[in-house]
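J.: dropping a prediction and its sequence here:
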2 protein chains.
Amino acid sequence: MNAATGGSEAQSERSRIKRNPNRAAYDRETVNAILDAGYMCHVGFETDHGIVVIPTLYVRDGDSVILHGSTGAGMTRAVRAGNPLTIEVTHIDGIVAARSHFHHSINYRSAVVFGESKEITDVVEKLRGMELLVEHITPGRWEEARKPNDSEFVQTSVIRMKIEEASAKIRAEGPGEEPEDLKLDYWGGVIPVRTVLGTPEPDAVNEPNIGVPQSIRASIAKWNESE
Amino acid sequence: MNAATGGSEAQSERSRIKRNPNRAAYDRETVNAILDAGYMCHVGFETDHGIVVIPTLYVRDGDSVILHGSTGAGMTRAVRAGNPLTIEVTHIDGIVAARSHFHHSINYRSAVVFGESKEITDVVEKLRGMELLVEHITPGRWEEARKPNDSEFVQTSVIRMKIEEASAKIRAEGPGEEPEDLKLDYWGGVIPVRTVLGTPEPDAVNEPNIGVPQSIRASIAKWNESE
């Protein structure tokens, strides 16, 4: 098994999908596509008070996932304590209505990623991590806003999780059915679900001559197309 | 502190929000509103292979959250082993662009819920849990599809998490700014983000006379309005 690229089988029991294994994938290309299609992940980690799951922004950088947060945040402290992070990303694509309740389902793409996480201490690499985050969510924005000053830079922790193991799970089809249910007078199909970025709302203090900049237009186009 | 209703302060360090405490709320009404506005949560739990975070469907039932899954799924086994679950729900409402990168942000509503979780064994209560899940996601659907047979009923585990402690975090405003940044020629504002349910796609095996039923129309209306 090549840990850098994944494969068609789970690397270990940690990432092996037991329920509906036909929906599972372990190759890094599939996992990466799911990661790249979003910017909000759900991070689980151990704290002194038990397991916490929080939402946070992310960007994939090759075989790593970059996160950021306040230096005093629980996630940062967990990383400093050497606790592993587990990252989950899910995109909902549809609500699947079957003839039976049992076969009702959701069309989705999800990825669960495990790996060692470390705070980035190198100044150049840390600044690059910030830029990658900004450019992933709002492409072109790095040059269209003020860069971090020294105080802002040290208040922000940037974390790199090296992807050691990952699994993807995808459902993208109409309802499964028991053959005998097809004669029932019930409707079957899918309600498509998508996330949409709308018309940007400038705040009140924009200079009158500032229109919506290219980075904001590009962000809207990127995320509306990624659906 | 009334554990049933929460309060304006964290019940313990487990749920206390350290970063941006001005965005935190601990009252049960705020938490419930966030839970009720969605149907996909992110569940963290300990397994023999470390912490896992998975997406799963849920419905709030009073002071509980109801989940379901395969009897053999990792989450079910964690509950049977007595491991606590942590549930997180997040709605993204906007991408916030500030004059500085430091003040770029996301408008969101998130809730993190802790509590003891148990498989529901009582047949009537378990069936009611299934109905609550179906009716939350697709209102009216319980009577518009075939109910579980004995085999389907025993293959499905229904879990009740009693909400013991919870926190909410909400950001719903334009960009924060350093006063000196307001004179810069950068655009500030919010790109609204919403989740949209589209036109239902019937599968190929619908009887010709079956139109889109009321439950599917109601589901689209409910989730498009909840945004």
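T.: On my side now, so go ahead.
J.: can you show me the strands along chain A?
T.: Counting by DSSP state E, chain A has strands at residues A:24-25, A:40-47, A:50-61, A:64-70, A:85-97, A:105-115, A:117-119, A:156-162, A:165-171, A:189-197, A:201-202.
J.: which residues of chain A score low on pLDDT?
T.: Along chain A, segments meeting pLDDT under 70 span A:1-6, A:227.
J.: again, only using 90
T.: Per-residue confidence for chain A (pLDDT under 90) gives these ranges: A:1-24, A:48-49, A:72, A:205-210, A:225-227.
J.: tell me which residue of it is furthest from the middle?
T.: Seen from the C-alpha centroid of chain A, the residue lying at the greatest distance (CA atoms, centre = their mean) is A:K183, 40.3 Å away.
J.: how close does it get to B:E207?
T.: Taking CB to CB, to the nearest Å as the measure, A:K183 and B:E207 are separated by 8 Å. From N, CA and C alone the C-beta is placed, and that goes for glycine too.
J.: and stretch A:73-84 with chain B, contact?
T.: Yes - against chain B, stretch A:73-84 shows contacts by CB under 8 Å from any CB of the partner chain at A:A73, A:G74, A:P84.
J.: select from those the one having the most neighbours.
T.: A:G74 (21 neighbours; other CB atoms under 10 Å in any protein chain shown).
J.: my read: that one touches B:K18, true?
T.: Yes - judged on CB atoms under 8 Å, A:G74 makes contact with B:K18 at a distance of 6.6 Å.
J.: quick check: neighbours shared by those two?
T.: When contacts are counted by CB atoms under 8 Å, 6 or more residues apart in numbering or on different chains, A:G74 and B:K18 have no shared neighbour.
J.: need the contact list for the nearest residue to A:P175 once chain neighbours are set aside.
T.: Excluding the flanking residues, the one nearest A:P175 by CB to CB, 6 or more residues apart in numbering or on different chains is A:A98, at 3.6 Å. Residues counted as contacts of A:A98 (CB under 8 Å, 6+ apart) are A:H104, A:S105, A:P175, A:G176, A:E177, A:D181, A:G188, B:A145.
J.: let me know the angle separating the longest helix seen in chain A from strand A:40-47.
T.: With secondary structure taken from DSSP state H, chain A has its longest helix at helix A:123-137. In terms of direction (axes from the mean of the first three to the mean of the last three CA atoms, to 10 degrees), helix A:123-137 departs from strand A:40-47 by 130 degrees.
J.: hmm, who's touching helix A:123-137?
T.: Residues from elsewhere that reach helix A:123-137, judged by CB under 8 Å, 6+ apart: A:39, A:57-61, A:66, A:68, A:120, A:141-142, A:145, A:148, A:153, A:156, A:158, A:160, A:219, B:95, B:101, B:104.
J.: please pick the buried ones from those residues.
T.: With neighbours counted by 16 or more other CB atoms under 10 Å in any protein chain shown, the contacts of helix A:123-137 contain buried members at A:39, A:57-61, A:66, A:68, A:120, A:141-142, A:145, A:148, A:156, A:158, A:160, A:219, B:95, B:101, B:104.
J.: for A:H101, list the residues it contacts.
T.: Shown in contact with A:H101 (CB under 8 Å, 6+ apart): B:M130, B:V134, B:R141, B:W142, B:A145, B:R146, B:K147, B:P148, B:E152.
J.: quick one: these as TSV, columns for distance to A:G211 too.
T.: Compiled in TSV, these are given as follows (distance: CB to CB, whole Å):
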residue	distance to A:G211
B:M130	52
B:V134	47
B:R141	46
B:W142	50
B:A145	50
B:R146	55
B:K147	56
B:P148	56
B:E152	57
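J.: identify the farthest-apart pair in the residues you listed.
T.: B:R141 and B:E152 (15.6 Å; CB to CB).
J.: which residues touch the closest residue to A:R80 other than its chain neighbours?
T.: Spatial nearest neighbour of A:R80, excluding adjacent residues (CB to CB, 6+ apart): A:E119 at 6.6 Å. When contacts are counted by CB under 8 Å, 6+ apart, A:E119 touches A:T76, A:V79, A:R80, A:S157, A:V158, A:I159.
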